[in-house]
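J.: what's the 3D shape of this:
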Amino acid sequence: MKNIVNLISIFLVIGISLYLFRNPNQLDVLTEISIYTILFLIFIKFLTLLVNSFFNREILKGFGLNISYLEAVYLGSVTFLGNLFLPLRSGANFRLIYLNKKYKFKSPELASMYLYFFVVTIFLNSLVGLICLFFLDLSGDIVFIISIIIFLVMFIFSTFLLIKEFTVSTGGDKIRIISWLKNLKFNWNVITRNRILQSKLIFLTTINYLLFAVEAYIIIDLLFSKNNLFTIFYYNSISVLSSLASFTPASLGLKDLLVFFSSNILTLSVANVITLMIVERAVAVLFSLIPGLLTFSLKKSIR
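T.: Here you go, the predicted structure:
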C-alpha cells in the first residue's frame, strides 16, 4: 500500500511540475502576498513550533525525564527541519536518536511517545473532519461516503487506543520482539493511566490544531476569499493527517493527493489546489530559517 501511495505521489508531483512549467503565472501569487501577511504566518508557525516543543517536554516528564525548555525547542526545531526537507518523517527519527544517545532513553518508551503523538493527533483531526463533513456536503456522492468511512474508522480506532489499558504479563520473555512489545504496552499504559498528563497533551494538540487552522484560514481567505470555517477546519484536518502518513519531504505528493481527492468538498479547482500548495510550502521553507537558526544556536548550550 505504501508503494502504491508513493507511486501516485510521484506521478502527482511530476504532473504539478509540468502544470507549473506550462503555467508559470501560477507562481505570481507569491509576489502578491504582503510582507505583513508573510510575517504573521511565520509568527503563527513559530507558535506551533513552541507548542510542539512543550508537547514533547510534557510527555517526557511522564516518563520521569525532565528536559529544559531550550532543549525542548531544540528538539522541536530538529524535528521540523527533518520532516520538511527529508523523507520518512526523518525529523521524528532524529529526535528519538538524540534522546536515546544522550539520556539512554529506551526504545519502547520512545516508540510509545511516537505512537501517542500519532494517536492523539488522529483522534482530534478525525473528530473535527467528521463534524465538518456533515456541514460541508450531504450529497452522498462516492467521495463523501469514502471520506465519512475513513474518518469514522480513524476516530473509533484512536478513541479505543486513548482509553485502552493493556494487560501486561509479569513473566520474562526470551523472544526479543515479544519482550519489546510487552514493554511497549507497559509504557503506553504509563501515558494513558496518567489522566493529568493526557489532559495536557490533548490540550496542547488542540492548541496546535487551532494554530494550523488560523494559518489555513489566512491563506485560503487571502487566495480565494473563502472564509467558511467548516471548509477551513476540514482542509486543516486532511492536511495534518497527510503529514502523519507522508513518506516524502513536506508531505509532498500525498497531501496534494488528499486535497485533490477532497476538492469537490472544499469547492476548490485544480488551479486553486496547486496555488494553495505553492503558498503553503513557500511559507514553510521561509519559516525554516528560524528553526535552522535555533538548532545552530542551541546545539552547544544544551550539551
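
J.: count of neighbours near the residue lying closest to Phe54 once chain neighbours are set aside?
T.: Closest residue to Phe54 apart from its sequence neighbours, by C-beta to C-beta, 6 or more residues apart in numbering: Leu204 at 5.9 Å. Yep, even glycine has a C-beta here, placed from its N, CA and C like the rest. By other C-beta atoms under 10 Å, the residues close to Leu204 number 20.

J.: Check the spacing between Leu204 and Phe157 real quick.
T.: 22 Å (C-beta to C-beta, to the nearest Å).

J.: now the strand or helix carrying Ala282: mean pLDDT?
T.: According to DSSP states H and E, Ala282 maps onto helix 270-287. Over the span of helix 270-287, the pLDDT mean works out to 84.

J.: Over to stretch 161-169?
T.: Across stretch 161-169, the per-residue pLDDT values average to 84.

J.: can you list contacts of it?
T.: If you take C-beta atoms under 8 Å, 6 or more residues apart in numbering as the criterion, stretch 161-169 is touched by 119-120, 123, 182, 185-186, 188-189, 192-193, 198.

J.: try it again with 6 Å
T.: 119, 123, 182, 185-186, 189 (C-beta atoms under 6 Å, 6 or more residues apart in numbering).

J.: buried ones in stretch 213-222?
T.: 213-220, 222 (16 or more other C-beta atoms under 10 Å).

J.: chain center to that stretch: distance?
T.: How far stretch 213-222 lies from its chain's middle: 17 Å, per C-alpha atoms, centre = their mean, to the nearest Å.

J.: Helices of the stretch 1-150 of the chain, start to end?
T.: Taking DSSP state H, counting those that start in this stretch as the criterion, the stretch 1-150 of the chain contains helices spanning 2-22, 35-61, 69-85, 90-103, 107-136, 142-163.

J.: average pLDDT for the longest one?
T.: Averaging pLDDT along helix 107-136 gives 90.

J.: ok, now the shortest one?
T.: pLDDT averaged over helix 90-103 equals 84, rounded to a whole number.

J.: Who are the packing partners of it?
T.: helix 69-85 (3 or more C-beta pairs under 6 Å, 6 or more residues apart in numbering; DSSP states H and E).

J.: Which strands or helices does the helix it packs on pack on?
T.: helix 35-61, helix 90-103, helix 289-301.

J.: tell me the strands in the stretch 151-300 of the chain, going along the chain?
T.: For the stretch 151-300 of the chain, no strands are identified by DSSP state E, counting those that start in this stretch.

J.: what pLDDT does Tyr36 get?
T.: On pLDDT, Tyr36 comes in at 92.

J.: That one: how many residues sit nearby?
T.: Residues near Tyr36, counting by other C-beta under 10 Å: 8.

J.: Tell me the spacing between it and Ile218.
T.: Distance from Tyr36 to Ile218, by C-beta to C-beta: 11 Å.

J.: just Ser34 next, same as before
T.: For Ser34 relative to Ile218 (C-beta to C-beta), the value is 11 Å.

J.: Can you give me the buried ones in stretch 287-296?
T.: 287-288, 290-291, 294-295.

J.: Contacts only, for Asn194.
T.: With C-beta under 6 Å, 6+ apart, Asn194 has these contacts: Gly62.

J.: Quick check: nearest residue in space to Leu41, chain neighbours excluded?
T.: Val283 (5.1 Å).

J.: now Leu294
T.: Ser77 (4.4 Å).

J.: same question, Thr48
T.: Leu211 (4.7 Å).

J.: Report the separation between the one you found and Pro108.
T.: Counting by C-beta to C-beta, the gap from Leu211 to Pro108 is 31 Å.

J.: ok so, going back, looking at the contacts of stretch 161-169, which two lie furthest apart in space?
T.: Maximum pairwise distance among the contacts of stretch 161-169 (C-beta to C-beta): 24.5 Å, between Phe123 and Lys182.

J.: out of those two, which sits in the busier spot?
T.: Set side by side, Phe123 and Lys182 show more neighbours around Phe123, with 21 against 18, by other C-beta under 10 Å.

J.: can you tell me how far that one sits from Val153?
T.: 12 Å.

J.: next one: Met277
T.: For Met277, the distance to Val153 - C-beta to C-beta - is 26 Å.

J.: So if I had to pick from the two, which one is more boxed in?
T.: Neighbour count, other C-beta under 10 Å: between Met277 and Val153, Met277 has more, with 18 against 11.
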